[in-house]
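>>> need a 3D model of the following:
(chains A and B)
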Amino acid sequence: MRLYTKLIAGAIMASVSSFSPVWAGEALDRVMNKGVLTVATDANWAPQSFLNDNNKMDGFDVDVAKEIARRMGVGIKFVTPSWTIITAGKWAGRWDISVGSMTPTKARGEVLSFPGIYYFTPASFAVQTDSPITDKLQLNGKTICATTASTYELYLQHDLTIDAIGTPPFKYDVTPGKISSMKDTSTCLNDVRLGAGVRVDGMIGSLPALVAAKKAGLPIRVVGTPAFYEPLSVAIDKGDTEFDAKLGKIIAAMHADGTLSKMSMKWYGIDYSAGVK
Amino acid sequence: MYADNVIGDKLIHKPKFILGLLAVAFLAFFTFNLAGTMFGEFLRPVIGEPKESGLYGRSAVALVLAVLFVGNLFLISFANIKVQVAIVWIELLLLFLAFFYSFNLKFSFIQSKIGFMITQGLFTTLYISAVSIAIASLIAIVGAVAKLSNNGFAYGIASFYTSLFRGLPLLMQVFLIYMGLPQIGYVIDAVPAGIIALSLCYGAYMTEIFRAGIQSVPRGQWEASRSQGFKFGLTMRRIILPQAIPLIIPPTGNQFIAMLKDSSLVSVIGVWELMFLARTLGQKEFRQMEMLITAAFIYWGMTMVLEVIQSRIEKHYRKKGQQ
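Sure thing, here's the model as predicted:
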């Protein structure tokens, strides 16, 4: 029984020490005191963020995050919770910032704040190479795949509000017959590659991700002009205006000295940082 | 099962049965048109281009497969049981591998990733499962005693606990614990949250197993023990548990095996265990199938090890019981 008592005591000690009270708001102090910026990002979203050949996080978002940490003078750590958990807000200090190409929508603005837009991407429709569909308008009434809780799904539901400055206006051209709501872009891509109408007729996603998938050898084809352009921002938990202002300054500086356009050229081959021309 | 000593003629050695089986197998293979698969490819010299062979190709393939199937059964029936089991295992495994091989997998990709899958993925899966199993066993012992006690308070807590945690999907418990605890002021990381969820859920199932095991020891054992003046703790440790444990072990082993695989559910909160890596590593090059199959074999291998351990422990207690 002595052994059991010890085990129980050990388990209790371990669980107590891993609990820590919520830090009220002061995210910037927490980052500076720890000397580490904890970044939440997706591990399943090439070329924005993915695991590279050395099994380390890599991609455009990862480079941006590293640069932000460098300019803050702190180290960096990545965590990979699911997208729904990140966009739900109330992070309770588990991570400090999301550098995950997040579109600042109105609903998200209620739980998160968006210190700075770092690039714009077109959202486009794609179909399987052999599909008879040649334009996005032909996707009306079809089954279209989109990531759950993403701006793409909101667009399909005709419920997308982006109120960031510099966002071009858009129309709801496509009304899907059915939305297939999937965990991430790659799940959608895998359904599209099966062929037109097998599981879905097409999908909507960020153009850079679609182009990267095509380059990786997936039998897909982008159709029509982009549905909308979305501004993409870093996000932090609501409540720390100091942290917000500091990040805003860092991102403005990264725009000004050409760091962001250089990174965009490296990962996309196109400068998406300057906005829509 | 009980094996009796009446030796009759084997069913498979009767011509009528063989013909019947052949007909059934032929119909079954005919129903699923297999001319377009690799079996059709093997028969190309006979049936020509498999896609254009039509009804002739379809029935030829079905006939060959049916003859192979029944002939195989007939030949195996002459071996002794151990050889039979081995041959059936090898044949099924080969079929399974052929099925995967037809996916056109890129093996060099698997080779480049398998090291990381083991050092990071397998390691995380194993330690999360091991810690959870240890805690779940402790919860189960306490829970079982509480459920059997006459104390209404203890029984109330224990029965509420098992009812709640057996009543919710494990995936939901993982989310509730990870996202719910911070709302009341405790922020825990993904790994401890996963361990808590797995321990509580499996603790609830194992509570019921332990309770049933303890209850299966006849009442007379308690009475005899009490009449000797043994107190509750001593009776439990020396008399009841040693008799209950051999009954508890098989279902508990099942729980261990199930937990090993259910630990994949904590991948939703971003823990880099085997399932998470299986989904993530192949993403950039769209080689998810390779990674999923690799992870599948790793899980299966681990389960086999656990099965062997379980049967060893069972044997140990069976011997002890016979002494």
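
>>> please make it C-alpha for all contacts and neighbour counts, starting now.
OK.

>>> what does chain B put close to chain A?
B:116, B:135, B:182, B:185-189, B:192, B:268-271, B:279-281, B:283-286 (Cα under 8 Å from any Cα of the partner chain).

>>> which stretches of chain B have low pLDDT?
B:323 (pLDDT under 70).

>>> residue in it nearest to chain A?
Residue nearest to chain A within chain B: B:Gly270 (4.3 Å; Cα to the nearest Cα).

>>> next, find the distance separating that residue from B:Gly282.
B:Gly270 sits 16 Å away from B:Gly282, going by Cα to Cα, to the nearest Å.

>>> helices along the stretch 1-150 of chain B, start to end?
Per DSSP state H, counting those that start in this stretch, the stretch 1-150 of chain B carries helices over the ranges B:15-31, B:38-42, B:44-47, B:54-76, B:81-101, B:107-116, B:123-148.

>>> of the residues of chain B next to chain A, buried ones?
Among the residues of chain B next to chain A, those that count as buried by neighbour count (16 or more other Cα atoms under 10 Å in any protein chain shown) are B:116, B:135, B:182, B:186-188, B:192, B:268-271, B:279-281, B:283-286.

>>> restricted to helices, list the residues you listed.
Among these, the members found in helices (DSSP state H) are B:116, B:135, B:192, B:279-280.

>>> out of those residues, the closest to B:Val88 would be?
B:Val88 has its nearest neighbour among these in B:Arg279, at 32.0 Å by Cα to Cα.

>>> so what's the closest one up against?
A:44, B:288, B:291-292 (Cα atoms under 8 Å, 6 or more residues apart in numbering or on different chains).

>>> what's the closest of those residues to B:Val88?
B:Leu292 (25.3 Å).

>>> surely that closest one forms part of a strand?
No - B:Leu292: not assigned to a strand; according to DSSP: H, G, I helix; E, B strand; the rest coil it is helix.

>>> what's around it, how many residues?
Residues near B:Leu292, counting by other Cα atoms under 10 Å in any protein chain shown, number 20.

>>> these two touch, right, it and B:Ala278?
Yes - with contacts counted by Cα atoms under 8 Å, B:Leu292 reaches B:Ala278, the gap being 5.2 Å.

>>> flag the shaky bits of the stretch 1-150 of chain A, pLDDT-wise.
Ranges of the stretch 1-150 of chain A meeting pLDDT under 70: A:1-25.

>>> could you say which helix or strand holds the closest residue to chain B within it?
Closest residue of the stretch 1-150 of chain A to chain B, Cα to the nearest Cα: A:Pro81 (4.3 Å). Assessed by DSSP states H and E, A:Pro81 sits outside every helix and strand.

>>> same question, B:Leu234
Here B:Leu234 sits within helix B:232-234, counting by DSSP H and E.

>>> what sits up against the next helix or strand after that helix?
Next helix or strand after helix B:232-234 toward the C-terminus (DSSP H and E): helix B:241-262. Helix B:241-262 has contacts (Cα under 8 Å, 6+ apart) with B:125-126, B:129, B:133, B:198, B:202, B:206, B:209-210, B:213-214, B:216-217, B:299, B:303, B:306-307, B:310, B:313-314, B:317-318.

>>> hmm, 7 Å instead?
B:129, B:133, B:206, B:209-210, B:213-214, B:217, B:303, B:306, B:310, B:314, B:317 (Cα atoms under 7 Å, 6 or more residues apart in numbering or on different chains).

>>> just how off-centre is that helix within its chain?
13 Å (Cα atoms, centre = their mean, to the nearest Å).

>>> likewise for stretch B:139-150?
Counting by Cα atoms, centre = their mean, stretch B:139-150 comes out at 27 Å from the chain centroid.

>>> may I see the buried residues of it?
B:139-147.

>>> equivalent analysis for stretch B:305-312, please.
B:306, B:310.

>>> now do stretch A:144-159
A:144-156.

>>> got it, and stretch A:262-269?
Quick answer for stretch A:262-269 (16+ other Cα under 10 Å): A:262-264, A:267-268.

>>> now stretch B:210-218
B:210-214, B:217.

>>> can you lay out those residues as a markdown table showing secondary structure?
Output for the buried residues of stretch B:210-218, formatted as a markdown table (three-state DSSP):
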| residue | secondary structure |
| --- | --- |
| B:Phe210 | helix |
| B:Arg211 | helix |
| B:Ala212 | helix |
| B:Gly213 | helix |
| B:Ile214 | helix |
| B:Val217 | coil |
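
>>> from the residues you listed, pick the one nearest B:Asn151.
The closest of the buried residues of stretch B:210-218, once distances to B:Asn151 are taken by Cα to Cα, is B:Arg211, at 15.3 Å.

>>> can you give the domain ranges for the chain?
Reading this off chain A. A:23-119+A:231-268, A:121-230 (automatic domain parsing).

>>> my question was about chain B, not that one.
B:1-72, B:116-322.

>>> most packed of the ones you listed?
domain B:116-322 (a mean of 18; mean count of other Cα atoms under 10 Å in any protein chain shown).

>>> first-to-last residue distance for that one?
With Cα to Cα, one end of domain B:116-322 sits 47 Å from the other.

>>> and it, how far out from the chain's middle?
14 Å.

>>> so which residue of the stretch 101-250 of chain A comes closest to chain B?
Closest point on the stretch 101-250 of chain A to chain B, by Cα to the nearest Cα, is A:Ala216, at 5.6 Å.

>>> can you get me a residue count around that residue?
Around A:Ala216 there are 13 residues (other Cα under 10 Å).

>>> my guess is it meets B:Gln283, correct?
No - contact criterion Cα atoms under 7 Å: A:Ala216 and B:Gln283 do not qualify, at 10.1 Å.

>>> ok, residue 131 - contacts?
No chain specified, so I'll use chain A. Taking Cα under 7 Å, 6+ apart, one finds A:Ala196 in contact with A:Ser131.

>>> SS state for it?
From three-state DSSP, the assignment for A:Ser131 is coil.

>>> for it, give me the backbone phi and psi.
phi -60, psi 140 (degrees, to the nearest 10).

>>> can I get the domains of chain B in a markdown table including distance to B:Phe103?
Below are these laid out as a markdown table (distance: least, Cα to Cα, whole Å):
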| stretch | distance to B:Phe103 |
| --- | --- |
| domain B:1-72 | 12 |
| domain B:116-322 | 8 |
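
>>> now do stretch A:27-36: distance to the chain's middle.
So, by Cα atoms, centre = their mean, the centroid of stretch A:27-36 is 23 Å from its chain's centroid.

>>> if you count neighbours, what's buried in it?
A:27-28, A:31, A:36.

>>> residues touching it, excluding its own?
A:37, A:74-77, A:96, A:240, A:243.

>>> in what helix or strand does the spatially most central residue of chain A lie?
The centroid of chain A falls nearest to A:Gly100 when counting by Cα atoms, centre = their mean (3.3 Å). Using DSSP H and E, A:Gly100 sits within strand A:97-102.

>>> list the buried residues for stretch B:76-83?
For stretch B:76-83, by 16+ other Cα under 10 Å, it's B:76-77.

>>> what's in contact with it?
B:Gln84.

>>> would you confirm that A:Gly100 contacts A:Thr41?
Yes - counting by Cα under 7 Å, A:Thr41 is a contact partner of A:Gly100 at 5.2 Å.

>>> for the nearest residue to A:Gly202 once chain neighbours are set aside, list the residues it contacts.
Among residues not flanking A:Gly202 along the chain, A:Val127 sits closest, at 4.5 Å (Cα to Cα, 6 or more residues apart in numbering or on different chains). The contact partners of A:Val127, taken as Cα under 7 Å, 6+ apart, are A:192, A:201-203, A:220-222.

>>> most neighbours among these, which one?
A:Gly202 (32 neighbours).
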